[in-house]
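[1] Build me a model:
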Amino acid sequence: MEFNQDDLTGAEVIALISEHLAGMAVHSPPESIHALDLEQLKQPEITFWSAWEQGELVGCGALKELDSLHGELKSMRTASAHLRKGVARRMLQYILEEARRRGYQRVSLETGSMDAFMPARKLYESFGFQYCPPFSDYQEDPNSVFMSLRL
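    So this is what the prediction gives:
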(Lines give C-alpha, C1' and ligand atoms only; values in the text may rest on other atoms or scores of the structure.)
Protein backbone atom coordinates (compact mmCIF):
# COMPACT_ATOMS: atom_id res chain seq x y z
CA MET A 1 0.00 0.00 0.00
CA GLU A 2 1.29 3.43 -0.94
CA PHE A 3 0.45 6.55 1.08
CA ASN A 4 0.58 9.93 -0.64
CA GLN A 5 0.27 13.34 0.92
CA ASP A 6 -2.64 14.54 -1.15
CA ASP A 7 -3.81 17.95 -2.37
CA LEU A 8 -7.48 16.83 -2.53
CA THR A 9 -7.92 17.72 -6.20
CA GLY A 10 -8.13 14.27 -7.80
CA ALA A 11 -11.54 12.97 -8.85
CA GLU A 12 -11.15 9.71 -6.91
CA VAL A 13 -10.25 11.49 -3.68
CA ILE A 14 -13.07 14.02 -4.12
CA ALA A 15 -15.51 11.14 -4.61
CA LEU A 16 -14.22 9.33 -1.51
CA ILE A 17 -14.60 12.45 0.65
CA SER A 18 -18.14 12.88 -0.73
CA GLU A 19 -18.89 9.26 0.18
CA HIS A 20 -17.45 9.87 3.65
CA LEU A 21 -19.63 12.93 4.22
CA ALA A 22 -22.74 11.17 2.89
CA GLY A 23 -22.08 8.25 5.23
CA MET A 24 -21.86 10.60 8.19
CA ALA A 25 -25.20 12.17 7.21
CA VAL A 26 -26.90 8.76 7.18
CA HIS A 27 -25.89 7.94 10.76
CA SER A 28 -25.61 11.29 12.55
CA PRO A 29 -27.80 14.37 12.94
CA PRO A 30 -26.31 17.45 11.24
CA GLU A 31 -25.26 19.10 14.52
CA SER A 32 -23.24 16.00 15.42
CA ILE A 33 -21.29 15.66 12.17
CA HIS A 34 -17.69 16.71 12.67
CA ALA A 35 -16.32 15.36 9.36
CA LEU A 36 -14.48 17.96 7.32
CA ASP A 37 -15.31 18.90 3.74
CA LEU A 38 -12.70 19.38 1.01
CA GLU A 39 -12.01 23.03 1.79
CA GLN A 40 -11.70 22.38 5.53
CA LEU A 41 -9.26 19.53 4.84
CA LYS A 42 -7.03 21.97 2.92
CA GLN A 43 -6.33 24.09 6.01
CA PRO A 44 -2.60 24.45 6.80
CA GLU A 45 -2.85 22.62 10.16
CA ILE A 46 -4.18 19.50 8.41
CA THR A 47 -2.16 16.91 6.50
CA PHE A 48 -4.25 14.60 4.32
CA TRP A 49 -3.10 11.28 2.87
CA SER A 50 -4.63 9.02 0.26
CA ALA A 51 -3.88 5.29 0.25
CA TRP A 52 -3.40 3.44 -3.04
CA GLU A 53 -2.94 -0.17 -4.13
CA GLN A 54 -2.10 -1.02 -7.72
CA GLY A 55 -3.24 2.42 -8.89
CA GLU A 56 -6.59 2.21 -7.09
CA LEU A 57 -7.65 4.51 -4.25
CA VAL A 58 -8.37 2.33 -1.21
CA GLY A 59 -8.68 4.85 1.61
CA CYS A 60 -7.72 8.12 3.20
CA GLY A 61 -6.97 9.78 6.50
CA ALA A 62 -5.78 13.07 7.94
CA LEU A 63 -3.90 14.46 10.92
CA LYS A 64 -4.77 17.87 12.32
CA GLU A 65 -2.25 19.64 14.53
CA LEU A 66 -4.07 20.93 17.62
CA ASP A 67 -0.80 22.13 19.17
CA SER A 68 2.85 21.12 19.06
CA LEU A 69 2.20 18.02 21.22
CA HIS A 70 -1.36 17.01 20.29
CA GLY A 71 -2.80 15.83 16.99
CA GLU A 72 -6.32 14.90 15.97
CA LEU A 73 -7.14 12.02 13.65
CA LYS A 74 -9.61 13.13 10.96
CA SER A 75 -11.32 11.77 7.84
CA MET A 76 -10.42 8.10 8.17
CA ARG A 77 -12.28 6.31 5.40
CA THR A 78 -11.90 3.07 3.49
CA ALA A 79 -13.26 2.93 -0.05
CA SER A 80 -16.38 0.73 -0.07
CA ALA A 81 -14.84 -1.82 -2.43
CA HIS A 82 -11.97 -2.37 0.02
CA LEU A 83 -13.72 -2.75 3.36
CA ARG A 84 -12.39 -5.42 5.73
CA LYS A 85 -9.06 -5.73 3.92
CA GLY A 86 -6.97 -3.97 6.56
CA VAL A 87 -6.87 -0.57 4.85
CA ALA A 88 -7.96 1.40 7.94
CA ARG A 89 -5.48 -0.46 10.15
CA ARG A 90 -2.61 0.35 7.78
CA MET A 91 -3.71 3.99 7.44
CA LEU A 92 -3.96 4.38 11.20
CA GLN A 93 -0.48 2.86 11.66
CA TYR A 94 0.90 5.28 9.08
CA ILE A 95 -0.70 8.35 10.70
CA LEU A 96 0.41 7.35 14.20
CA GLU A 97 3.99 6.91 12.92
CA GLU A 98 3.79 10.43 11.49
CA ALA A 99 2.43 11.77 14.79
CA ARG A 100 5.37 10.21 16.64
CA ARG A 101 7.80 11.62 14.06
CA ARG A 102 6.33 15.08 14.70
CA GLY A 103 6.88 14.66 18.42
CA TYR A 104 3.23 14.58 19.41
CA GLN A 105 2.58 13.14 22.84
CA ARG A 106 -1.08 12.43 22.16
CA VAL A 107 -3.47 11.77 19.28
CA SER A 108 -7.20 12.17 19.86
CA LEU A 109 -10.30 11.61 17.78
CA GLU A 110 -14.06 12.00 17.69
CA THR A 111 -16.29 9.31 16.23
CA GLY A 112 -19.94 8.36 16.38
CA SER A 113 -21.55 6.62 19.34
CA MET A 114 -24.05 4.70 17.18
CA ASP A 115 -23.71 1.02 16.24
CA ALA A 116 -22.61 1.94 12.70
CA PHE A 117 -19.38 3.31 14.19
CA MET A 118 -18.62 0.22 16.29
CA PRO A 119 -16.04 -1.17 13.80
CA ALA A 120 -14.15 2.13 13.96
CA ARG A 121 -14.25 2.21 17.75
CA LYS A 122 -13.00 -1.39 17.92
CA LEU A 123 -10.12 -0.52 15.60
CA TYR A 124 -9.10 2.46 17.73
CA GLU A 125 -9.41 0.38 20.92
CA SER A 126 -7.13 -2.26 19.39
CA PHE A 127 -4.42 0.43 19.02
CA GLY A 128 -4.80 1.44 22.67
CA PHE A 129 -7.04 4.49 22.30
CA GLN A 130 -8.95 5.17 25.52
CA TYR A 131 -12.29 6.91 25.88
CA CYS A 132 -11.93 10.46 27.15
CA PRO A 133 -13.88 13.68 27.67
CA PRO A 134 -14.32 16.08 24.74
CA PHE A 135 -11.07 17.78 23.72
CA SER A 136 -10.22 20.94 21.78
CA ASP A 137 -13.46 22.72 20.78
CA TYR A 138 -15.73 19.68 21.06
CA GLN A 139 -18.69 19.62 23.44
CA GLU A 140 -20.46 16.69 25.09
CA ASP A 141 -22.78 15.09 22.53
CA PRO A 142 -24.76 11.86 22.91
CA ASN A 143 -23.96 11.07 19.25
CA SER A 144 -20.19 11.37 19.72
CA VAL A 145 -17.49 9.54 21.61
CA PHE A 146 -13.99 10.87 22.14
CA MET A 147 -10.85 8.80 22.32
CA SER A 148 -7.20 9.56 22.92
CA LEU A 149 -3.89 7.71 22.70
CA ARG A 150 -0.73 8.68 24.57
CA LEU A 151 2.26 8.15 22.30
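
[2] Against which helices or strands is the worst-scoring helix or strand of the chain on mean pLDDT packed?
    Between all helices and strands in the chain, the lowest mean by mean pLDDT, DSSP states H and E belongs to helix 11-27, at a mean of 88. Helix 11-27 sits against helix 38-41, strand 46-53, strand 56-67, strand 70-78, with contacts defined as 3 or more CB pairs under 8 Å, 6 or more residues apart in numbering; DSSP states H and E. For every residue, glycine as well, the C-beta is placed using N, CA and C.

[3] okay, those, which one's buried deepest?
    Counting by mean count of other CB atoms under 10 Å, strand 70-78 has the highest mean neighbour count of the helices and strands packed on helix 11-27, with a mean of 23.

[4] Taking strand 46-53 as reference, get the angle to it.
    30 degrees (axes from the mean of the first three to the mean of the last three CA atoms, to 10 degrees).

[5] who touches the nearest residue to Asp6 once chain neighbours are set aside in this structure?
    Among residues not flanking Asp6 along the chain, Ser50 sits closest, at 4.3 Å (CB to CB, 6 or more residues apart in numbering). Ser50 makes contact with Phe3, Asn4, Asp6, Gly10, Glu12, Val13, Leu16, Leu57, Gly59, Cys60, according to CB atoms under 8 Å, 6 or more residues apart in numbering.
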